[in-house]
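Asks: No letters, just coordinates:
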């Protein structure tokens with residue numbers, strides 16, 4: 001009995017880092033779903049180009065595996081380190097955005113959003129996480145009033161303006177809009193005065209409307225949104241094919257591999273419109289199941305935010321959860337023609353190595369915050385951090 005007691009004490013003495021396996025499992029499920037659905041969606045497209053239909057399966061499986069390893073590796077990095085280097089992280093992200101307009105930049109489909117540094121990087125995705133870290137660091141300073149124009153609102157406003165200006169020049173309105181939503185959500189959670197928040201929404205909405213009405217392809221997208229079947233083989237091709245896919249999928253879908261719209265009707269279905277193929281093959285039930293996985297992931301993430309050890313962890317966890325949630329909502333809205341079409345990927349599911357790695361890294365940060373969690377925030381009161 002004494003030997004057993006000593007063995008139990010020894011086991012208890014081992015400091016095993018805690019982790020939120022619910023978040024990890026949900027992320028892995030989404031990565032696996034992405035690998036399978038990207039393979040299905042790209043099958044005919046690859047055959048039509050004379051390439052192996054298993055090309056995307058192999059590439060995406062490799063990218064998702066690396067993403068999972070990144071998630072696990074980052075989960076062991078103390079999240080408080082990011083606060084110390086928040087300004088440097090923000091400056092690096094701006095530097096990467098600047099490289100888009102140099103010879104390192106890559107132009108695809110009239111958009112210059114990528115850079116080639118040995119591997120292809122999309123700086124806009126990195127800017128999302130960098131913005132979360134920087135704003136969370138500012139708003140977690142000891143004794144800081146979030147409504148202080150000079151100490152908080154001005155630096156946050158400057159960062160938002162720089163990000164939006166550089167990203168809009170690519171052009172990439174969806175990423176710029178997402179960053180504004182994320183940072184706005186963090187400041188609101190931090191205690192931003194409702195009047196300031198409503199005013200910021202008004203200014204942002206006015207600016208977006210002015211930008212859209214200024215002409216160019218944005219007006220065409222709005223017109224396509226208002227009447228997608230007016231030009232089904234032109235500007236509305238993706239939207240119309242997406243709606244046909246979702247409608248023909250019905251409740252239970254046509255079964256794995258049974259999509260018709262992926263047979264060269266829906267352009268690049270493995271990217272932003274992957275949800276349409278999921279709906280056609282797995283039906284409404286499949287989409288609800290996928291949304292359920294995202295819901296559990298977001299719920300667990302919010303629980304991590306509520307139980308975070310400090311204000312910085314709480315704000316950063318909230319920002320990461322908002323980033324994932326906003327992307328999911330925007331993607332569903334676009335695929336179902338509930339808003340004008342723009343490039344918004346479905347996190348972990350759409351094809352894209354850089355975006356997948358960034359989201360996996362963000363989840364890794366969330367897992368590390370969970371490792372350091374204490375009592376729920378409702379039982380404590382944050383006055384501010386030590387820095």
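Replies: Nice, I can see it. Just so it is clear, the model here is predicted, and its values are computed rather than measured.
Asks: which residues in the chain form helices?
Replies: For the chain, the helices defined by DSSP state H cover 2-13, 21-48, 55-74, 80-84, 86-99, 123-139, 154-168, 173-189, 194-213, 217-226, 237-249, 274-306, 311-335, 353-371.
Asks: Need the ones you listed in CSV (columns: mean pLDDT, mean neighbour count and distance to residue 110).
Replies: To be clear about C-beta, it is placed using only N, CA and C from the backbone, and glycine gets the same treatment. Listed next are those as CSV, based on pLDDT from 0 to 100; neighbours: other Cβ atoms under 10 Å; distance: least, Cβ to Cβ, whole Å:
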stretch, mean pLDDT, mean neighbour count, distance to residue 110
helix 2-13, 46, 9, 61
helix 21-48, 92, 20, 20
helix 55-74, 93, 18, 23
helix 80-84, 93, 17, 35
helix 86-99, 92, 17, 18
helix 123-139, 92, 25, 16
helix 154-168, 87, 17, 14
helix 173-189, 88, 22, 14
helix 194-213, 72, 12, 17
helix 217-226, 68, 16, 8
helix 237-249, 89, 21, 15
helix 274-306, 94, 20, 22
helix 311-335, 93, 24, 19
helix 353-371, 92, 24, 20
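Asks: quick one, which of those is nearest to residue 147?
Replies: Closest approach to residue 147 among these is made by helix 194-213 (6.4 Å; Cβ to Cβ).
Asks: so who does the nearest residue to residue 96 once chain neighbours are set aside touch?
Replies: Nearest residue to residue 96 in three dimensions, chain neighbours excluded: residue 123, at 3.8 Å (Cβ to Cβ, 6 or more residues apart in numbering). By Cβ atoms under 8 Å, 6 or more residues apart in numbering, residue 123 lies in contact with 93, 96, 97, 99, 100, 113, 115.
Asks: The first one contacts residue 126, doesn't it?
Replies: Yes. Distance between residue 93 and residue 126: 5.3 Å, which falls inside the contact criterion (Cβ atoms under 8 Å).
Asks: re the thing from before, need the max-distance pair from the contacts of residue 123.
Replies: Of all the pairs that the contacts of residue 123 form, the one spanning the most space (Cβ to Cβ) is 93 and 113, at 14.0 Å.
Asks: Tell me how far the residue nearest to residue 96 lies from residue 131.
Replies: 12 Å (Cβ to Cβ, to the nearest Å).
Asks: Mutual contacts of those two, please.
Replies: Both residue 123 and residue 131 are contacted by residue 93, under the criterion Cβ under 8 Å, 6+ apart.
Asks: ok, residue 356 to residue 363 distance?
Replies: Distance, residue 356 to residue 363, by Cβ to Cβ: 11 Å.
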